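Engineer: please find the sequence and the predicted model below.
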Amino acid sequence: MALVVVSLATAAIGFYGLRISRTTGDFYVASRTVRPWWNASAIGGEYLSAASFLGVAGLILLSGTDALWFPVGYTAGYLMLLLFVAAPLRRSGAYTIPDFTEARLDSRAVRRVTSVVVVVVGWLYIVPQLHGAALTIRITTGLPAWVGSAAVVAVVCLTVVAGGMRSITFVQAFQFWLKLTAIAVPVLFIVFTLAGDGSAAVAPAVVNPTGLAPAGPYQNISLLVALLFGTLGLPHVLVRFYTNPDGHSARRTTLIVLGLLSVFYLFPTAYGLVGRMFAPELARSGQADAVVLLLPGQLIGGTAGDLLSALVVAGAFAAFLSTTSGLVVSLAGVISQDVLGGGVRGFRLAAVVSAVVPLGFAVMTDSLALAGSVGLVFAFTASTVCPVLLLGIWWRGLTDAGAIAGMVTGAVLCGGAMVWGTVLGAAGTPFWLAQPAAWTVPAAFAVTVLVSWGTKNRIPLTMARVMTRLHTPERPLVTER
Amino acid sequence: MTRVRVTAPRSAPRPAGESREAAEESEVGQVFVRSLIRSQLRLALVVAIGFMLILSAFPLLLAAVPGLAETRIAGVPFDWILLGAGIYPVIGLSAWLFYRTAARNEARYRDLAGDT
């Protein structure tokens, strides 16, 4: 019931947006006239994925304070985005990451490699969203799991094909506030009810329901490297920055996003803590990722519990829908420009392709811990897109050969670690392979810099002009300072 | 295959823009641009490193003061409060500092480059 309402609301707002969006420019980036608050809510709505909504609480339930680094890293990633990327990227005037690298390095080859990397990142990131949808459907309705994934893909395709980016901005902004309500109201209700009953905690918070060994410093550092630098390169996050009118407002939008995320992540943390204190058996039965969905029914019960559960399910679906549609929009932008020659029809076709491929992958594979698998995608992004982006913005010496070598190194090392880790299984994977970011990210940076040094004669002639455009304030003067 | 780059319509031509573009490509203009980039990069690095130092200080603090992690405030252990809620104000403050100073750097550049 709840998910029907969310899907209908998403689709309705999407179709409403159809009437506003007319040109191709509207389709891609909403003509860059979205207000900072709308835009910030939309970025938050897009960013808070299945991993944030379900996975963080589940992981906190499983591993306690070690898992608190996940929400911290997800938020601090935006700080890095603000510091190093937000304004220059907006000023670059490019629509997508491949547009940026091509303009900066004046090279078609770099564009192609970047496009491939971006599409891989996007697909990898959609798969856990679909796993989350499958889990939610299985837990709440008892239907076969694939129904959830297929429903999400269908709604996303419909919305994106109909309205493009403009409508997506409204949809995403709406989804952020829905998600915040859906996660905050039940947990506040639970806390007040428990406090009112004076019911004692079943187990103290320090209890370890699964007996997992605590993570060492290496795992925590590697995780933070992945989350801090992975956020920079997420395609659906970056494309959203082009909807700001100028670099200064791109910074302000990011500032608002940081505030919104900080408030949001208090609640999954609270869920995890309450789950650990009052329902540790969920972790033992291997249903940790469902703790957000199951806790209201288990601790409150009755009609109130049912209503709260419905609200949480609505929020969870908002999470799957918004992240997936954001990714689909940005992937469709890349695919349609590189393969289908741009235009609205190419964009629509590309949107369907970018949603259906990960669906096949999601149906064939099985869900791991959601927050963990998303953490690996961040590691992959941090090892491929992030070095090229950071060095391209801040270092005059970057060359096309260096960029390609760095991206390939990062992709091979991190992708190899992911595949090898899957082959060995969760139990047999050594810690440095399970969290590869701490060595793959520096390796990718080093290769990019070394190869660029070796090919100094390939520094593009347009470099000085591009660097000037990236870093100087826009001309139509930003009057508000 | 023909490739069509889709771009937003360029906004109205600005006569002042041309002269500034020329000024930016001159040698003096490039000196100003380089110094702007350097000051923005320095600012970003200082904020980033400062934030990471504070971030790493949190677990070290918990490890260094015995019993601090188990101290409870309203039933919630202190380590949960510190890591689960206490880091966000630090993130927000760093971001706000950067936002302010970066805008000031740009204003200074605008004065130097002679924009009106």
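Structural biologist: Here it is on my side, so go on. Numbering: from 1, shown residues only, chains lettered A, B, ... in the order given.
Engineer: skipping adjacent residues, who's closest to A:Val353 in space?
Structural biologist: Spatially, and ignoring its direct neighbours in sequence, A:Val353 is nearest to A:Ile335 (6.4 Å; Cβ to Cβ, 6 or more residues apart in numbering or on different chains). Placement of C-beta: from N, CA and C, glycine included.
Engineer: give me the pLDDT for the spatially most central residue of chain B.
Structural biologist: Most central in chain B under Cα atoms, centre = their mean is B:Phe98, positioned 4.3 Å from the mean C-alpha point. With respect to pLDDT, B:Phe98 scores 93.
Engineer: A:Met364: neighbouring residues, count only.
Structural biologist: Look at A:Met364: counted by other Cβ atoms under 10 Å in any protein chain shown, it has 9 neighbours.
Engineer: oh sorry, the question was meant for A:Gly302
Structural biologist: Summarising burial for A:Gly302: neighbours were counted as other Cβ under 10 Å, giving 8.
Engineer: equivalent analysis for B:Ala48, please.
Structural biologist: The burial metric for B:Ala48, expressed as a neighbour count using other Cβ under 10 Å, is 18.
Engineer: the helix or strand harbouring it vs chain A: in contact?
Structural biologist: Element membership of B:Ala48 [criterion: DSSP states H and E] is helix B:27-64. Yes. Judged by Cβ under 8 Å from any Cβ of the partner chain, helix B:27-64 comes into contact with chain A at B:29-30, B:33, B:36-37, B:40-41, B:44, B:47-48, B:51, B:55, B:59.
Engineer: any low-confidence regions in the stretch 251-400 of chain A?
Structural biologist: Where the stretch 251-400 of chain A drops to pLDDT under 70, the residues are A:283-287, A:341-342, A:366-372.
Engineer: so A:Leu450 is in which element?
Structural biologist: Under the criterion DSSP H and E, the helix or strand holding A:Leu450 is helix A:437-454.
Engineer: list the buried residues of that helix.
Structural biologist: By neighbour count with 16 or more other Cβ atoms under 10 Å in any protein chain shown, helix A:437-454 contains the buried residues A:437-441, A:443-445, A:447-449, A:451-452.
Engineer: which one of those is nearest A:Asp106?
Structural biologist: A:Ser452 (14.1 Å; Cβ to Cβ).
Engineer: so who does residue 102 touch?
Structural biologist: In the absence of a named chain, chain A is used. A:94, A:108, A:110-111, A:114 (Cβ atoms under 8 Å, 6 or more residues apart in numbering or on different chains).
Engineer: other chain: chain B
Structural biologist: B:Ala102 makes contact with A:87, A:251, B:40, B:43-44, according to Cβ under 8 Å, 6+ apart.
Engineer: what residues does stretch A:431-446 touch?
Structural biologist: Taking contacts as Cβ under 8 Å, 6+ apart, the residues outside stretch A:431-446 that touch it are A:216, A:218-219, A:221-223, A:225-226, A:229-230, A:375, A:378-379, A:382-384, A:386-387, A:391, A:406-407, A:409-410, A:413-414, A:417-418, A:420-421, A:424, A:426.
Engineer: buried subset of the residues you listed as a PyMOL selection?
Structural biologist: Remark: buried members of the contacts of stretch A:431-446, expressed as a PyMOL selection using 16+ other Cβ under 10 Å:
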select buried, chain A and resi 219+221+222+223+225+226+229+230+375+378+379+382+383+384+386+387+391+406+407+409+410+413+414+417+418+421
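Engineer: among the contacts of stretch A:431-446, which ones are in strands?
Structural biologist: Using DSSP state E, no member of the contacts of stretch A:431-446 falls within strands.
Engineer: the contacts of stretch A:431-446: which ones sit near chain B?
Structural biologist: Subset of those in contact with chain B: empty, counting by Cβ under 8 Å from any Cβ.
Engineer: in the stretch 201-350 of chain A, what residue is nearest chain B?
Structural biologist: Evaluated by Cβ to the nearest Cβ, the stretch 201-350 of chain A has A:Ser262 as its residue closest to chain B, separated by 3.7 Å.
Engineer: so what's A:Phe444 closest to, chain neighbours aside?
Structural biologist: You called it Phe, but residue A:444 is Ala. Nearest residue to A:Ala444 in three dimensions, chain neighbours excluded: A:Gly410, at 3.4 Å (Cβ to Cβ, 6+ apart).
Engineer: so the one you found makes contact with A:Ala379?
Structural biologist: No. Shown here, A:Gly410 and A:Ala379 do not form a contact pair, counting by Cβ atoms under 8 Å, at 9.5 Å.
Engineer: got the buried residues of helix A:437-454 as CSV, with pLDDT columns?
Structural biologist: Shown next, in CSV, are the buried residues of helix A:437-454 (pLDDT from 0 to 100):
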residue, pLDDT
A:Ala437, 84
A:Ala438, 85
A:Trp439, 89
A:Thr440, 90
A:Val441, 91
A:Ala443, 91
A:Ala444, 91
A:Phe445, 91
A:Val447, 92
A:Thr448, 91
A:Val449, 91
A:Val451, 89
A:Ser452, 88
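Engineer: if you count neighbours, what's buried in stretch B:35-42?
Structural biologist: B:36-37, B:39-41.
Engineer: in chain B, where is pLDDT below threshold?
Structural biologist: With pLDDT under 70 as the threshold, chain B has low-confidence stretches at B:1-25, B:69-70, B:73-75, B:115-116.
Engineer: give me that answer again for 80
Structural biologist: Within chain B, the stretches falling below the threshold (pLDDT under 80) are B:1-28, B:62-80, B:113-116.
Engineer: check contacts around A:Pro460.
Structural biologist: By Cβ under 8 Å, 6+ apart, the contact set of A:Pro460 is A:104-107, A:399-400, A:466.
Engineer: same check, this time on A:Val328
Structural biologist: If you count contacts by Cβ under 8 Å, 6+ apart, A:Val328 has them with A:122, A:126, A:156-157, A:160, A:351, A:354-355.
Engineer: and A:Asp106, its phi and psi?
Structural biologist: Its backbone dihedrals place A:Asp106 at phi 50, psi 50, with angles given as degrees, to the nearest 10.
Engineer: what number of residues lie near B:Ala113?
Structural biologist: Using other Cβ under 10 Å, B:Ala113 has 17 other residues around it.
Engineer: skip the chain neighbours and tell me the closest residue to it.
Structural biologist: Leaving aside its chain neighbours, B:Ala113 sits nearest to B:Phe32 (5.5 Å; criterion: Cβ to Cβ, 6+ apart).
Engineer: doesn't B:Leu112 make contact with the one you found?
Structural biologist: Yes. Counting by Cβ under 8 Å, B:Phe32 does reach B:Leu112; the two are 5.2 Å apart.
Engineer: the two: who's more crowded?
Structural biologist: Ranked by neighbour count (other Cβ under 10 Å), B:Phe32 and B:Leu112 place B:Phe32 first, with 20 against 15.
Engineer: for A:Ser452, see how far away the more buried one is.
Structural biologist: Relative to A:Ser452, B:Phe32 is positioned 25 Å away (criterion: Cβ to Cβ, to the nearest Å).
Engineer: then B:Ala107?
Structural biologist: Between B:Ala107 and A:Ser452 the distance, using Cβ to Cβ, works out to 33 Å.
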